[in-house]
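Visitor: Got a sequence here, can you build the structure:
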Amino acid sequence: MTKNTVSFDQAIEQLEEIVRQLEQGDVPLEDAISLYKKGMELSTVCHEKLHNAEKQLISIMDDSGEKVPFDAIENEDATR
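Guide: Just a heads-up that it's a prediction; the model follows:
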């Protein structure tokens, strides 16, 4: 599974499995390093997906149907 095709849920599940394996403490050093690297990659994937979702959620449509940042609407309401 490549970085671009893994879903958020799949990445979280894989991260949980990596953490479980590393917490057991019986993973050979070389394998632990590989697992750690994979975990960091998955963490980056999750962070990117969450950031993209946040960007989608913080923009809304104004009265004229234009997409505007959510903060701009809050600031406009505060000045009224």
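
Visitor: contacts and neighbour counts: CA atoms only from here.
Guide: Fine.

Visitor: Report all helices and strands that the longest helix belonging to the chain contacts.
Guide: Longest helix in the chain, counting residues (DSSP state H): helix 29-57. Using 3 or more CA pairs under 8 Å, 6 or more residues apart in numbering; DSSP states H and E, the elements in contact with helix 29-57 are helix 8-24.

Visitor: Give me the contacts around the helix it packs on.
Guide: When contacts are defined by CA atoms under 8 Å, 6 or more residues apart in numbering, helix 8-24 is touched by residues 27, 32, 35-36, 39, 42-43, 45-46, 49.

Visitor: Give the buried residues for it.
Guide: 8, 11-12, 14-15, 18, 22 (16 or more other CA atoms under 10 Å).

Visitor: closest to residue 55 among the residues you listed?
Guide: residue 8 (15.8 Å; CA to CA).

Visitor: Kindly provide the distance from that closest one to residue 18.
Guide: 15 Å (CA to CA, to the nearest Å).

Visitor: Equivalent analysis for residue 47, please.
Guide: Separation of residue 47 from residue 18 (CA to CA): 17 Å.

Visitor: just residue 44 next, same as before
Guide: Using CA to CA, residue 44 is found at 15 Å from residue 18.

Visitor: for stretch 49-69, what is the average pLDDT?
Guide: Average pLDDT, stretch 49-69: 77.

Visitor: what distance separates that stretch from the centre of its chain?
Guide: Centroid separation for stretch 49-69 versus its chain: 17 Å, with CA atoms, centre = their mean, to the nearest Å.

Visitor: which of the contacts of helix 8-24 count as buried?
Guide: Among the contacts of helix 8-24, those classed as buried by 16+ other CA under 10 Å are 32, 35-36, 39, 42-43, 45-46.
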